[in-house]
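Peer 1: I would like to see how this sequence folds:
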Amino acid sequence: MFDLLNFGALLPVIALVVGGAAILLLELFSKPSRALLVALTEISLIAASLVLIYGNFDEAGFFNMVLVDGLSLASLGIILCASIFFIPLALTGMRFIEYQFAELYALFLFMVAGFAVMVSSNNLIVILLALETASLALYTLISMHRRDKSLEAAIKYYTMGGMAAAMIAFGTMLLYAATGSVDIAEIKLALAASDFANLPLTLAASAFIIAGLGFKLSVVPFHTWTPDVYEGSSAPMAGYMSIVPKIAGFAVAIRLFDFLAQSPDRVVYWMLFAAAVATMTLGNLLALVQVGVKRMLAYSSVSHAGFVMSVLVIGTTDAHIGLFLYWTLFLFTNLGAFVMLWISRHPSKVWDIRYDHPYTKFAGMARLSPMGAIIMAIFMLSLAGIPPFALFFGKVFLISEAIKSDHLALAIIMLVNSAIAIYYYLKLIIYMFLHDPADNDGTIYYQNGTTAIKAVLGVAAAAVTIAVFWIDPLMRMLTPLLTSSGY
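Peer 2: Sure thing, here's the model as predicted:
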């Protein structure tokens, strides 16, 4: 029986859970400092990463419900990388009380463990349980920011998350009724053997699961929670939410919908196509009219999710490689942009009754904080897809793959949306470099800029700027991982 558990396949998750439990036990017997809590959390994340890099994963674990294929390894790599860069941001120069609590760090590790299981499982029940484990921890982390908007954000996210879980559960039930299994591999075999005999039931199940995952991926029309939740969260948490839950959702979607998209009449294919086009287009249009930078970045992350959803429409292995290339580049770019909002938060200066980060707050930033303006401009140019910055290469790869796979209409829509996005990213750059400072003595910048945070910013800015030099090694690593996996 213990052989079936195969603890070797579970070692990354075990390292995270043990780290979280150790932090809680430490809290029982002492009052650890914030620096110690950050160090212990980083050690747990790095330990999980080392196991991921050097582990010998030959078999599935947990009764064949936790996989160790290329898709899970690539997804978990992005999750751990984002987490390792996120935790040092707790060493802020300002006294945000949530970072004094050991529970925050334990919940964070349990959340990462939940997402790790989610991207590694081939069983829909385990995926749902892992998703809820991660989500419940995330709701709590958002509410711990201790602001009025934070509690509102947590409640909204909890409510929407509950609806999403219900839809995934109902879709899973319908798939079980159609195929007699909740294992994705067995579902594929059953549908192929029956030639989609239960097509109406399968299509209904697909619609519910697309809707449920759509909440997590901020897919239109299930995106409405995104700007409010991002606004109520701390800026680093908002940046983290734009990366990690979404790559987990994409991993599950690839496992399930690559096959279902080939169903007769291609109804699932057109569902995914409509969702991708609507998400990237509406996300862009809504970002155009925002007056707050944080909400602009929230809607832009919706648009980026729609852009990457094109991978589910294209459905080739090269497109899957492009997804992980794009999301790795997006990791450094978007997290860096949100960190810039974090360090520019002022404890007493109120720039707008409604928004913490209106565009006017950044007027004349190039004169008051030239280096800060340059770093923020780098992140904006990358998000816009301007060469030679990071996301340019990700966008070119996905658009070229759409053209190569005879999805010309999709490629044109992706190009048009990339052009639209340039406007609202350049708008912030214009405010920083071409507008005069408005009632600003420069004290709003680097209020939280400790050495640890500046190091994270420096690494992110460097990664975005010199991406052309490390993309090829990344591709060499991703290609054999995803090419050899059957998902």
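Peer 1: how near is Val13 to Asn122?
Peer 2: Val13 is 15 Å from Asn122, where distance means C-beta to C-beta, to the nearest Å. C-beta here means a position set from N, CA and C on the backbone, and glycine is covered the same way.
Peer 1: Can you list the low-confidence ranges for the stretch 351-487 of the chain?
Peer 2: Across the stretch 351-487 of the chain, the ranges flagged by pLDDT under 70 are 351-356, 438-449, 484-487.
Peer 1: can you give me the helices for it?
Peer 2: Along the stretch 351-487 of the chain, the stretches classed as helices by DSSP state H, counting those that start in this stretch are 365-368, 370-384, 390-404, 408-434, 451-465, 467-483.
Peer 1: Tabulate those in a markdown table, adding columns for mean neighbour count and distance to Gly161.
Peer 2: A markdown table is the format used below for the helices of the stretch 351-487 of the chain (neighbours: other C-beta atoms under 10 Å; distance: least, C-beta to C-beta, whole Å):
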| stretch | mean neighbour count | distance to Gly161 |
| --- | --- | --- |
| helix 365-368 | 20 | 36 |
| helix 370-384 | 22 | 26 |
| helix 390-404 | 21 | 28 |
| helix 408-434 | 18 | 27 |
| helix 451-465 | 18 | 28 |
| helix 467-483 | 14 | 29 |
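Peer 1: Among these, which comes closest to Tyr359?
Peer 2: Minimum separation from Tyr359 across the helices of the stretch 351-487 of the chain (C-beta to C-beta) falls at helix 408-434, 5.0 Å.
Peer 1: Could you list every helix and strand that that closest one packs against?
Peer 2: Here helix 408-434 touches helix 267-288, helix 293-314, helix 365-368, helix 370-384, helix 390-404, going by 3 or more C-beta pairs under 8 Å, 6 or more residues apart in numbering; DSSP states H and E.
Peer 1: quick one on the thing from earlier: nearest to Leu50, of the helices of the stretch 351-487 of the chain?
Peer 2: Leu50 lies closest to helix 467-483 among these, at 15.9 Å (C-beta to C-beta).
Peer 1: how far off helix 370-384 does that closest one point, in degrees?
Peer 2: On the basis of axes from the mean of the first three to the mean of the last three C-alpha atoms, to 10 degrees, helix 467-483 is oriented at 40 degrees to helix 370-384.
Peer 1: Put the alpha carbons of helix 467-483 into PDB.
Peer 2: Extracted in PDB, the C-alpha atoms of helix 467-483 (Å, rounded to 0.1, in the frame of the first residue of the first chain):
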ATOM      1  CA  ALA A 467      15.500  38.200 -21.700                       C
ATOM      2  CA  VAL A 468      16.900  37.600 -25.200                       C
ATOM      3  CA  PHE A 469      19.900  36.000 -23.600                       C
ATOM      4  CA  TRP A 470      18.100  33.500 -21.400                       C
ATOM      5  CA  ILE A 471      15.100  32.600 -23.500                       C
ATOM      6  CA  ASP A 472      17.100  30.000 -25.500                       C
ATOM      7  CA  PRO A 473      18.200  28.100 -22.400                       C
ATOM      8  CA  LEU A 474      14.700  28.200 -21.100                       C
ATOM      9  CA  MET A 475      13.300  26.900 -24.400                       C
ATOM     10  CA  ARG A 476      15.900  24.100 -24.300                       C
ATOM     11  CA  MET A 477      14.600  23.100 -20.900                       C
ATOM     12  CA  LEU A 478      10.900  23.400 -21.700                       C
ATOM     13  CA  THR A 479      11.000  21.600 -25.100                       C
ATOM     14  CA  PRO A 480      12.000  18.100 -23.900                       C
ATOM     15  CA  LEU A 481       9.800  18.400 -20.800                       C
ATOM     16  CA  LEU A 482       6.600  19.200 -22.700                       C
ATOM     17  CA  THR A 483       7.400  17.200 -25.900                       C
END
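Peer 1: That one versus helix 390-404: what angle between them?
Peer 2: Counting by the same axes, to 10 degrees, helix 467-483 lies at 50 degrees to helix 390-404.
Peer 1: okay if I get the helices and strands packed on helix 408-434 as a markdown table plus distance to Ala137?
Peer 2: Formatted as a markdown table, the helices and strands packed on helix 408-434 follow (distance: least, C-beta to C-beta, whole Å):
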| stretch | distance to Ala137 |
| --- | --- |
| helix 267-288 | 26 |
| helix 293-314 | 20 |
| helix 365-368 | 35 |
| helix 370-384 | 28 |
| helix 390-404 | 29 |
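Peer 1: Relative to Tyr431, which of these is closest?
Peer 2: Tyr431 sits nearest to helix 365-368 of all the helices and strands packed on helix 408-434, at 7.6 Å, using C-beta to C-beta.
Peer 1: Report all helices and strands that the closest one contacts.
Peer 2: Where contact means 3+ C-beta pairs under 8 Å, 6+ apart, helix 365-368 is packed against helix 370-384, helix 408-434.
Peer 1: Just tell me which of the helices of the stretch 351-487 of the chain ends up closest to Leu325.
Peer 2: Nearest of the helices of the stretch 351-487 of the chain to Leu325, taken as C-beta to C-beta: helix 390-404 at 5.5 Å.
Peer 1: Remind me what the closest one packs against, helices and strands.
Peer 2: Against helix 390-404 (3+ C-beta pairs under 8 Å, 6+ apart) you get helix 293-314, helix 317-343, helix 370-384, helix 408-434, helix 451-465, helix 467-483.
Peer 1: List the contacts of it.
Peer 2: The contact list for helix 390-404, computed with C-beta atoms under 8 Å, 6 or more residues apart in numbering, reads 307-308, 310-311, 314, 316, 318-319, 322-323, 325-326, 329-330, 332-333, 382-386, 408, 410-411, 414-415, 418, 463-465, 467-468, 471.
Peer 1: And the next helix or strand past the lengthiest helix in the chain?
Peer 2: Longest helix in the chain by number of residues, with DSSP state H as the criterion: helix 148-179. Elements were assigned by DSSP states H and E; along the chain past helix 148-179, the next helix or strand is helix 184-194.
Peer 1: Please export the C-alpha coordinates of the helix or strand following that next one as CSV.
Peer 2: Next helix or strand after helix 184-194 toward the C-terminus (DSSP H and E): helix 199-217. Output of helix 199-217 as CSV, limited to C-alpha atoms (Å, rounded to 0.1, in the frame of the first residue of the first chain):
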residue,chain,number,x,y,z
LEU,A,199,-21.9,14.2,-26.6
PRO,A,200,-24.7,16.5,-25.0
LEU,A,201,-23.6,15.4,-21.5
THR,A,202,-19.9,15.9,-22.3
LEU,A,203,-20.6,19.4,-23.8
ALA,A,204,-22.6,20.4,-20.7
ALA,A,205,-19.8,19.2,-18.5
SER,A,206,-17.2,21.1,-20.5
ALA,A,207,-19.3,24.3,-20.3
PHE,A,208,-19.5,24.1,-16.5
ILE,A,209,-15.8,23.3,-16.1
ILE,A,210,-14.8,26.1,-18.5
ALA,A,211,-17.0,28.5,-16.4
GLY,A,212,-15.4,27.3,-13.1
LEU,A,213,-11.9,27.5,-14.3
GLY,A,214,-12.8,30.8,-16.0
PHE,A,215,-13.3,32.4,-12.6
LYS,A,216,-9.8,31.5,-11.6
LEU,A,217,-8.4,32.6,-14.9
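Peer 1: Could you check helix 199-217 and say which residues are buried?
Peer 2: For helix 199-217, the neighbour count (16 or more other C-beta atoms under 10 Å) marks 199, 201-217 as buried.
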